[in-house]
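**Student:** with the sequence up front, the predicted model follows.
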Amino acid sequence: MCTVSYLPLAKGEYLLTASRDEKTARPSARFPVKATLNGQAVYFPQDPQGHGSWIATAHEPGFTPTTVCLLNGAFQAHTAHPPYRHSRGLVVLEVFRYASPGEWLAGFDFENLEPFTLLILQPGQLWEVRWDGKTAHSRQPDPAQPAIWSSSTLYTPSVVARREAWFQTWIRQQTQFTVAGIRQFHKQAGRDDPQNAVLVNRGDGMQTLSLTTVRHRPDNTEIFYEDLTTSRFLYQQLTPSHELRYAH
């Protein structure tokens, strides 16, 4: 839930890629998991501990295709004061219970939740909502511009700026954005500094456990999920038939 990149493609298509940084002692995520929320099928990797997720997507006939992604923390590192009402990962799924991001923002109860940053993507729209423990701050970045986010709970402002520089350098080197290319960025950027690299590996057991990419197109949405601890790779395409395909 700790590094997320967004790449706009032609005709409203996009790539959203999330590196999940967690303690290696945490149970492995389950993927794919399907839940029916507000009448639509939502697919996501599930954290068995909190029962939520850090990224979820839906592409159902009659609904606006939506992807939601979570990062821990808001603007700066905070001190946790548990117990909280529930896991932040459940917030990701709650968004799908509302008709639109605006309705979720107006109707959702943020109280007694640990600070987080939430990204909501729909065709032609990108929402960023940061809950700092007291106030929900929302903005709509330009969906035509690439962007990267790093969790404020793991990375200082100077490291966040350094990661932004890596991302901008990588963008200038690309002739086109591809799934393989952005996943390689998430695995290689900053590798000389494993404490702060996008593929992080710290001596205290904190490391990048998985890498998830959502590729949205007008007629389908695809999920590329890799468990980096087991090297298991899974692919899922969301179409009206909801076919499920696996690759190892």
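**Tutor:** Arrived safely.
**Student:** which element, helix or strand, includes Glu226?
**Tutor:** Here Glu226 is covered by strand 221-227, with elements defined by DSSP states H and E.
**Student:** how far away from the center of its chain is that strand?
**Tutor:** Here strand 221-227 is found 12 Å from its chain centre; the criterion is C-alpha atoms, centre = their mean, to the nearest Å.
**Student:** the following helix or strand past it versus strand 221-227: what angle between them?
**Tutor:** Past strand 221-227, further along toward the C-terminus, the next helix or strand under DSSP H and E is strand 232-238. For strand 232-238 against strand 221-227, the angle by axes from the mean of the first three to the mean of the last three C-alpha atoms, to 10 degrees is 170 degrees.
**Student:** what strands line up against strand 232-238, and which way round?
**Tutor:** According to DSSP bridges, strand 232-238 forms sheet pairs with strand 221-227 (antiparallel), strand 244-246 (antiparallel).
**Student:** quick one: buried residues of it?
**Tutor:** By neighbour count with 16 or more other C-beta atoms under 10 Å, strand 232-238 contains the buried residues 234, 236-238. Where you see a C-beta, it was placed from the backbone N, CA and C, and this is true even at glycine.
**Student:** now those residues as a markdown table including distance to Arg26 and pLDDT?
**Tutor:** Listed next are the buried residues of strand 232-238 as a markdown table, based on distance: C-beta to C-beta, whole Å; pLDDT from 0 to 100:
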| residue | distance to Arg26 | pLDDT |
| --- | --- | --- |
| Leu234 | 19 | 95 |
| Gln236 | 23 | 92 |
| Gln237 | 28 | 93 |
| Leu238 | 27 | 93 |
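**Student:** re earlier: single out the most deeply packed of the strands paired with strand 232-238.
**Tutor:** Among the strands paired with strand 232-238, strand 221-227 has the highest mean neighbour count (mean count of other C-beta atoms under 10 Å), at a mean of 21.
**Student:** looking at this protein, which helix or strand is least sure?
**Tutor:** One helix or strand of the chain scores below all others by mean pLDDT, DSSP states H and E: strand 244-246, with a mean of 42.
**Student:** right, and the helix or strand after the longest helix anywhere in the chain?
**Tutor:** As assigned by DSSP state H, the longest helix anywhere in the chain is helix 157-172. Remark: after helix 157-172, the chain's next helix or strand is helix 179-188, criterion DSSP H and E.
**Student:** I'd like the mean pLDDT over that following helix, please.
**Tutor:** The average pLDDT within helix 179-188 is 98.
**Student:** and that helix, how far from the chain's centre?
**Tutor:** Offset of helix 179-188 from its chain centre (C-alpha atoms, centre = their mean): 15 Å.
**Student:** send me it as PDB with only the CA atoms.
**Tutor:** The C-alpha trace of helix 179-188 is given here as PDB (Å, rounded to 0.1, in the frame of the first residue of the first chain):
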ATOM      1  CA  VAL A 179       2.500  -2.900 -18.200                       C
ATOM      2  CA  ALA A 180       5.900  -4.500 -18.400                       C
ATOM      3  CA  GLY A 181       7.600  -1.100 -18.300                       C
ATOM      4  CA  ILE A 182       5.900   0.300 -15.300                       C
ATOM      5  CA  ARG A 183       6.300  -3.000 -13.400                       C
ATOM      6  CA  GLN A 184      10.000  -2.900 -14.200                       C
ATOM      7  CA  PHE A 185      10.200   0.600 -12.800                       C
ATOM      8  CA  HIS A 186       8.500  -0.500  -9.500                       C
ATOM      9  CA  LYS A 187      11.100  -3.300  -9.200                       C
ATOM     10  CA  GLN A 188      14.200  -1.400 -10.200                       C
END
